[in-house]
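J.: Sequence plus predicted model, see below.
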Amino acid sequence: MTTTTLAVLVPLLPFLGAVAGLLLGRTAPGFVRPLAVLPPLVSLVLAVLVAVRQGGGQAIDTHTEFTPTGSVPIELALYIDGFAALVAVLVAFVASCVQIYSTGYLRDDPRYPSYAALVSLFTSAMLVVVYSGDLMVLLVGWEIMGICSYFLVGHYWETPEARAASIKAFLVTKLGDVPFLIGLFALATDAGSFRITTVLGTVASGGLHHPTLVALLLLAGVAGKSAQFPLHTWLPDAMAGPTPVSALIHAATMVAAGVYFVARLLPVFQASSAAMIVLAVMAAITMAGSALAALAQDDIKRVLAYSTIGQLGYMTGALAVGDRGAAVFHLLAHGAFKALLFLAAGVIIHASGTNSLAVMSRMKDLRARVPDAYWTMTVALLALAAIPPFSGFFSKEAVLGAAEHVATGHTEHAPGASGWIVLVAGLITAVLTAAYATRLWLLAFRGQGTEAPDHGRQPLTMTVVLWVLAVPSLAFGLAYGPLPDWFDGRDLTPVLTTSVLGTGLALVGGLVTYGAWRHTSAMAARVPLGAVVAHPDADAGTVEAEAIAMHAPTFGDVASASDPADPGRLLLGPLHRHAAVGFHLDTVYSVLFVRPVQAGASLVRFLDREVVDTYVRGAGALPRWLGAAVRRAQTGNVQTYVSALLAGTVVLVVAALLVATGA
């Protein structure tokens with residue numbers, strides 16, 4: 001079987017699995033789980049074969065015209081270079097893990113068949129984005145992911161949080177997709193084709209007429225899809241969906257698509273120094289701001305959501321300094337340990353019956369209830385904090401090393417200002433990342449107080465997946481040696497200066513957070529247990545039962561804002577209350593956009609009801625009044641009709657005489 005055929009089957013199999021799962025979900029429920037698990041597993045095997053055959057050498061480039069358009073052609077094209085081959089393996093690997101995990105996590109969910117089918121469709125769409133050699137075909141996968149995220153985030157549609165989160169995710173990403181689509185059309189117009197190879201050839205020959213405008217339009221879509229400032233606000237709210245969906249979105253699909261798109265079309269952005277600086281500033285604000293917000297979150301999944309935003313900021317930062325090898329390296333490493341973090345968090349939520357770190361901190365021996373999640377999440381958090389020899393150290397160091405090279409003028413792939421912006425923001429974020437990772441670990445696993453609830457052992461399908469993901473989280477970083485063959489020959493060996501700086505700052509962040517936790521724990525020991533309460537409108541037992549039954553985020557189970565056991569509150573000080581709500585960005589958007597739109601809608605409704613409808617009602621009233629007048633003249637009395645006839649005759653005779661006399 002040719003490599004091209006194998007590559008076509010990689011996205012096709014999950015798509016067929018999704019269709020079959022939807023058709024057989026009700027008539028043959030016994031086939032739902034095999035149809036959910038087997039297609040991504042086979043796709044994983046095929047993706048590995050494609051990567052081995054590609055081998056980091058010459059890109060696989062094949063195409064056929066889809067349909068005559070009369071202008072810019074649209075082609076079914078494959079373009080598989082080293083980046084695409086490895087990212088496809090990541091997507092299929094994480095999707096397989098998520099599907100296996102979901103068979104246990106959602107084993108009692110009546111909507112599991114539609115959920116599994118949507119996850120398969122989601123996977124297929126991302127694989128289309130990865131392998132596509134035509135921007136229009138890529139856009140199809142890009143938009144299918146958007147609608148899949150809408151349905152999956154809103155899986156628990158009974159809860160208002162899930163409904164609101166799904167709508168918000170859809171609208172915010174679509175806000176970025178509008179300029180993104182315009183940018184694609186502008187790019188194709190200049191190149192005369194949607195083919196990626198043709199576009200890159202046009203850029204290389206200087207044929208792109210408005211590079212800054214095109215790059216900024218494309219960045220809007222990337223910011224929405226990859227949750228970068230200022231269009232990142234949908235991602236923390238998307239935690240209302242099932243935890244495995246969060247793992248899929250954060251690790252291998254949706255948010256990774258934007259970073260991958262920029263990596264694939266990086267020369268387009270490098271054609272404009274202004275666009276590269278904008279990308280660097282966007283990455284810097286995203287990195288630092290999300291890390292501060294993560295340090296203030298109480299919901300364990302929201303901590304991880306802001307963490308994803310920050311790590312994506314590292315990837316866009318690497319792209320801003322012109323190093324797509326470092327960006328994709330971090331994308332691959334992050335995909336493994338972030339999937340592990342979310343799936344381990346799902347096990348913890350399943351065991352504790354809550355998402356709240358403050359409530360978990362009041363449970364002793366929780367780690368004994370979930371030993372698999374405890375050990376594997378520890379590995380993932382060390383990778384997230386970039387502690388050697390875990391994978392996150394090598395990939396994050398590649399980003400910082402690339403920024404340092406640009407900042408010191410050792411390369412001309414990007415403006416020097418971009419290098420300094422990314423380097424400084426990356427080092428600051430390294431401290432904060434280690435801080436919130438340490439805080440999460442301490443609050444979740446080092447709690448003191450009442451006994452943790454015992455809800456029995458988690459299904460084997462959930463715990464085995466954790467250990468599978470722990471392997472690349474620990475060891476993938478060591479692959480920096482052979483990876484340059486797939487990464488344009490870019491040397492990913494750690495640089496001494498940034499390695500020492502990054503690791504030292506991470507250790508400082510972790511140690512300071514540990515000291516703050518010891519201090520706050522001593523304070524909390526003097527506070528009665530009743531000081532940490534559940535939401536006043538929620539019965540604690542009911543919230544816990546619903547969390548276990550639905551496996552859904554328990555937004556009502558939030559610790560009191562005065563909880564003294566949180567080291568994040570001590571570290572952030574007065575900044576804590578602002579960071580906890582994402583620095584009020586949702587409020588700003590509400591004032592600048594939502595309220596004016598609502599006011600405009602109210603004005604239109606008033607004009608429609610009071611002005612337009614008045615004319616419509618008047619147009620209908622006039623004939624009605626005339627009809628009423630005519631109806632009253634029809635009495636049915638013959639004498640009345642004869643009298644009226646005679647009176648009319650007299651009037652006509654008199655009128656005729658007057659006319660004759662006047663003549």
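T.: In hand now; what should we look at? Numbering: from 1, shown residues only.
J.: So which residues of the stretch 1-150 of the chain form helices?
T.: Ranges of helices in the stretch 1-150 of the chain, per DSSP state H, counting those that start in this stretch, are 3-24, 32-54, 82-105, 112-131, 135-153.
J.: which residues of this protein score low on pLDDT?
T.: Along the chain, segments meeting pLDDT under 70 span 452-456, 524-564, 633, 663.
J.: which ones are touching Leu306?
T.: Small correction: residue 306 is Tyr, not Leu. Residues counted as contacts of Tyr306 (CB atoms under 8 Å, 6 or more residues apart in numbering) are Pro236, Ser290, Ala291, Ala293, Ala294, Gln297, Tyr436. Every C-beta, even on glycine, is put in place using the N, C-alpha and C of the backbone.
J.: how close does it get to Ala580?
T.: As judged by CB to CB, to the nearest Å, Tyr306 and Ala580 stand 11 Å apart.
J.: Need the residues touching each of those two.
T.: Joint contacts of Tyr306 and Ala580 (CB under 8 Å, 6+ apart) are Ala293, Gln297.
J.: Off-centre distance for stretch 466-484?
T.: Centroid separation for stretch 466-484 versus its chain: 24 Å, with CA atoms, centre = their mean, to the nearest Å.
J.: list the buried ones in it?
T.: By neighbour count on 16 or more other CB atoms under 10 Å, the buried set for stretch 466-484 is 466, 468-470, 472-474, 476-477, 479-480, 483-484.
J.: same check, this time on stretch 51-63
T.: For stretch 51-63, a neighbour-count test (16+ other CB under 10 Å) marks Ala51, Gln54, Gly56, Ala59, Ile60, Thr62, His63 as buried.
J.: same check, this time on stretch 575-582
T.: His576, Ala579, Ala580, Gly582.
J.: What residues does Gly56 make contact with?
T.: By CB under 8 Å, 6+ apart, Gly56 lies in contact with Gly82, Ala85, Asp485, Trp486, Phe487.
J.: Buried members of the residues you listed into ChimeraX, please.
T.: Filtering the contacts of Gly56 down to the buried ones (16+ other CB under 10 Å) takes a single ChimeraX command:
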select :82,85,486,487
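J.: From the contacts of Tyr306, pick the one nearest Ala283.
T.: Ser290 (10.8 Å; CB to CB).
J.: Provide a list of residues in contact with the closest one.
T.: His232, Tyr306, Ser307, Ile309, Gly310, Gly313.
J.: returning to that earlier point: of the helices of the stretch 1-150 of the chain, give the one that comes closest to Glu610.
T.: Checking those against Glu610 by CB to CB gives helix 135-153 as the closest, at 35.7 Å.
J.: That closest one: how far from the chain's middle?
T.: Distance of helix 135-153 from the chain centroid (CA atoms, centre = their mean) equals 11 Å.
J.: closest to Leu46 among the contacts of Gly56?
T.: Proximity of the contacts of Gly56 to Leu46 (CB to CB) peaks at Ala85, which lies at 11.3 Å.
J.: my guess is the closest one contacts Gln54, does it?
T.: Yes. Using CB atoms under 8 Å, Ala85 is in contact with Gln54, at 4.5 Å.
J.: Give me the phi and psi angles of Asn637.
T.: The phi/psi pair for Asn637 (degrees, to the nearest 10) reads phi -90, psi 120.
J.: Likewise for Trp157?
T.: phi -70, psi -10.
J.: Please, which helix or strand holds the closest residue to it other than its chain neighbours?
T.: Nearest-residue entry for Trp157: Arg163, 5.6 Å, with adjacent residues in sequence omitted and distances by CB to CB, 6 or more residues apart in numbering. Using DSSP states H and E, Arg163 sits within helix 160-191.
J.: ok, and what's touching stretch 97-109?
T.: The contact list for stretch 97-109 (CB under 8 Å, 6+ apart) reads 33, 36-37, 40, 112, 115-116, 119-120, 242-245, 247-248, 339, 343, 346, 350, 458-462, 464-465, 468-469, 549-551.
J.: Drop anything exposed from those residues.
T.: 33, 36-37, 40, 112, 115-116, 119-120, 242-245, 247-248, 339, 343, 346, 350, 458, 461-462, 465, 468-469, 550-551.
J.: returning to that earlier point: taking the buried residues of stretch 466-484 one by one, which sit in helices?
T.: Of those, the ones assigned to helices by DSSP state H are Leu466, Val468, Leu469, Ala470, Pro472, Ser473, Leu474.
J.: The fourth one: what's it in contact with?
T.: The neighbours of Ala470, taking CB under 8 Å, 6+ apart as the test, are Leu340, Trp375, Thr376, Val379, Ala380.
J.: Next step: these restricted to helices.
T.: Judged by DSSP H, helices contain the following of the contacts of Ala470: Leu340, Trp375, Thr376, Val379, Ala380.
J.: nearest to Leu184, of those residues?
T.: When the ones in helices among the contacts of Ala470 are compared for distance to Leu184 (CB to CB), Leu340 wins out at 34.4 Å.
J.: Now His350: which helix or strand?
T.: In this assignment (DSSP H and E), His350 forms part of helix 324-352.
J.: tell me the angle of that helix relative to helix 82-105?
T.: Computed by axes from the mean of the first three to the mean of the last three CA atoms, to 10 degrees, the angle separating helix 324-352 from helix 82-105 equals 0 degrees.
J.: next structured bit after helix 324-352?
T.: helix 357-360.
J.: Which strands or helices does that next one pack on?
T.: helix 300-320, helix 324-352, helix 416-445 (3 or more CB pairs under 8 Å, 6 or more residues apart in numbering; DSSP states H and E).
J.: And these: which comes nearest Met126?
T.: Nearest to Met126, of the helices and strands packed on helix 357-360 and by CB to CB, is helix 324-352 at 11.2 Å.
J.: And that closest one, what's buried?
T.: In terms of neighbour count (16+ other CB under 10 Å), helix 324-352 has its buried residues at 324-352.
J.: where's it relative to the chain centroid, distance-wise?
T.: For helix 324-352, the distance to the chain centre is 14 Å (CA atoms, centre = their mean).
J.: Please apply the same query to stretch 654-663.
T.: Averaged C-alpha coordinates place stretch 654-663 at 90 Å from its chain's average position (CA atoms, centre = their mean).
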